[in-house]
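[1] after the sequence you'll find the predicted model.
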Amino acid sequence: MLTDAAEAARRLADGGLVAIPTETVYGLAADATDPVAVARVYDVKGRPTDHPLIVHVADIETARRCCVLDSRAEALSMLWPGPLTMILPRTELVPAAVTGGLESVAVRIPDHPLTLEMLRHLGGPVAAPSANRFGRVSPTTADHVVADIGTLLDPVRDAVLDGGPCLVGIESTIVDLTVQPAQILRPGAVSGQLLDRLLLPVSGSPTAAASGPSRASGMLASHYAPARPVQLVEREERDTIGNDHTAVIDRSDDPVEAARHLYDDLRRADSQPASGATTITVVLPADDGGIGTAVRDRLRKAAAPRDHHRTSRDG
Ligand code: AMP
Ligand code: MG
């Protein structure tokens, strides 16, 4: 494990992979302009190569080298660094290996000091999906990353950059700006209301719900799944939960904390042999249009029938 941002940047520049801390979840990064390194990200994750990665950059200048920002993107860029990913037309700097052959690219500036320092040392974009195996629970600590993919990384060429636990804890909001009106492909900590407030003055229309073919993990039925079956209950029903054979997770009083600890809670519930629990029961936070809505989205995917995994194209 590393805490040296300059050394992490050197490994990326040499074609290695680096697991990076962000405010959302840990990512598995490669130099976005190096198709060979990018191919290894897909390998380690076990993710089909037609499924696009998010490009992470240190600043708006580097974003402009990767994609074409319209007036809506310029308005939303005031939320960067932050948990918002924008889908925009790509430039030639970004190879098709990163975008699954699409002419659009997903871009964001992550809000984590160590990763921003690393990106400034590198001087260019990285491509990074969540640093977990295909379809499973995302990592929010460096230890999670090591547990999930540690043995698949090369100890000399690759690294895990340890920046502590992720403060948001769930993946970024994804907004597709290649369509008008803009569509939210995945809910996250940046709410639809906030996006609408920034978009309305420049585009005249608020965001729409996602439509068309599945383009993001937020649109798949099953994702973010622990090994044990997950059942969900609303807050009003929580007194009805029996304590037999199920590990109960209830942070529903505080949706920010529920998000921050969601994946660690699921991982712990998965690995605890205590009390002979065979299932996980999670109490849902309120559907507040913000982070509570995003947590509910992830939990619905975690609880969905698992046979979707085999056909899903996301990791
Ligand atoms: P992950 O890396 O697992 O957090 O997921 C990244 C998400 O961004 C995936 O669900 C992708 O489908 C989505 N994504 C990345 N690039 C694009 C793009 N060009 N168009 C639409 N969705 C994208
Ligand atoms: Mg993922």
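    Looks like it came in fine. Ligands and ions are numbered 1, 2, ... in the order given.
[2] what does the stretch 51-200 of the chain have sitting close to ligand 1?
    Taking C-beta under 6 Å from any ligand atom as the contact definition, the stretch 51-200 of the chain meets ligand 1 at 51-54, 87, 99, 102, 104-106, 129-130, 171, 174, 185. C-beta here means a position set from N, CA and C on the backbone, and glycine is covered the same way.
[3] could you rerun that using 5 Å?
    The stretch 51-200 of the chain comes close to ligand 1 at residues 52, 54, 87, 102, 104, 106, 129, 130, 171, as judged by C-beta under 5 Å from any ligand atom.
[4] where along this structure do the strands fall?
    For the chain, the strands defined by DSSP state E cover 18-20, 27-31, 54-56, 84-89, 104-108, 126-128, 159-160, 173-176, 183-186, 208-209, 230-233, 246-249, 279-283.
[5] pull the distance from the fifth one to the chain's centre.
    Averaging C-alpha positions (C-alpha atoms, centre = their mean, to the nearest Å) puts strand 104-108 13 Å from its chain's average.
[6] packing partners of that strand?
    strand 54-56, helix 60-66, strand 84-89, helix 96-99 (3 or more C-beta pairs under 8 Å, 6 or more residues apart in numbering; DSSP states H and E).
[7] closest to residue 283 out of the ones you listed?
    strand 84-89 (27.5 Å; C-beta to C-beta).
[8] which residues of the stretch 201-315 of the chain score low on pLDDT?
    Low-confidence segments of the stretch 201-315 of the chain (pLDDT under 70): 213-221, 243, 273-275, 307-315.
[9] I'd like the strands of the chain as CSV, with distance to residue 202 and mean neighbour count appended.
    Converted to CSV, the strands of the chain look like this (distance: least, C-beta to C-beta, whole Å; neighbours: other C-beta atoms under 10 Å):
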stretch, distance to residue 202, mean neighbour count
strand 18-20, 31, 29
strand 27-31, 29, 29
strand 54-56, 23, 28
strand 84-89, 14, 24
strand 104-108, 18, 26
strand 126-128, 28, 30
strand 159-160, 40, 24
strand 173-176, 13, 26
strand 183-186, 16, 21
strand 208-209, 16, 12
strand 230-233, 38, 16
strand 246-249, 40, 19
strand 279-283, 38, 21
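[10] tell me, what residue is most central in the protein?
    The residue lying closest to the centre of the chain (C-alpha atoms, centre = their mean) is residue 171, at 3.2 Å.
[11] I'd assumed residue 24 was in contact with that one.
    Yes - counting by C-beta atoms under 8 Å, residue 171 touches residue 24, with 5.3 Å between them.
[12] so who does the nearest residue to residue 248 once chain neighbours are set aside touch?
    Leaving aside its chain neighbours, residue 248 sits nearest to residue 281 (4.9 Å; criterion: C-beta to C-beta, 6 or more residues apart in numbering). Listed by C-beta atoms under 8 Å, 6 or more residues apart in numbering, the contact partners of residue 281 are 230, 231, 232, 233, 241, 246, 247, 248, 249.
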